[in-house]
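Undergrad: Starting from these lines, generate the structure:
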Amino acid sequence: MEIEILHDKEKQKFYCIRKGEESYMRYRMVDDRRIHFLTTFVPPDLRGRGIAQKIVEAGLDFARENHYVVSTSCWFVEDYLERSDKYKDLAG
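TA: Numbering: from 1, shown residues only. Predicted coordinates:
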């Protein structure tokens, strides 16, 4: 399943639309070098398909590309950071 992740900088979210429903991860910029991931949501009927993981990865890739330090209050992002060797260096 190909999942296209979009980024809305104005609304500060990464998201995708599947079956007419939006899945997303919201964030806020703390300052010019820190990004804070707030929450991740996938509608119940779309869960278990890897959508949240793809959205989180897009956000973390964005943070890396922009040299941001990452913090989070989202349990899903926190868990993903703890399990992923690829992104551990981003946690601040």
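Undergrad: separation between the closest residue to residue 19 other than its chain neighbours and residue 68?
TA: Of all residues not flanking residue 19 in the chain, residue 46 sits nearest, at 6.8 Å (CB to CB, 6 or more residues apart in numbering). The C-beta positions use only the backbone N, C-alpha and C, and glycine is treated the same way. The gap separating residue 46 from residue 68 is 28 Å, by CB to CB, to the nearest Å.
Undergrad: related to what we said a few turns ago, for the residue nearest to residue 19, give me the pLDDT.
TA: With respect to pLDDT, residue 46 scores 95.
Undergrad: Ok, residue 90 next?
TA: For residue 90, pLDDT reads 85.
Undergrad: what residues are up against it?
TA: Residues near residue 90 by CB atoms under 8 Å, 6 or more residues apart in numbering: 60, 63, 64, 68, 69, 70, 81.
Undergrad: Just the element for residue 85, please.
TA: Assigned by DSSP states H and E, residue 85 belongs to no helix or strand.
Undergrad: helices or strands up against the helix or strand of the chain with the lowest mean pLDDT?
TA: Within the chain, no helix or strand scores below helix 75-83, which has a mean of 93 by mean pLDDT, DSSP states H and E. Counting contacts by 3 or more CB pairs under 8 Å, 6 or more residues apart in numbering; DSSP states H and E, helix 75-83 packs against strand 34-41, helix 51-65, strand 69-72.
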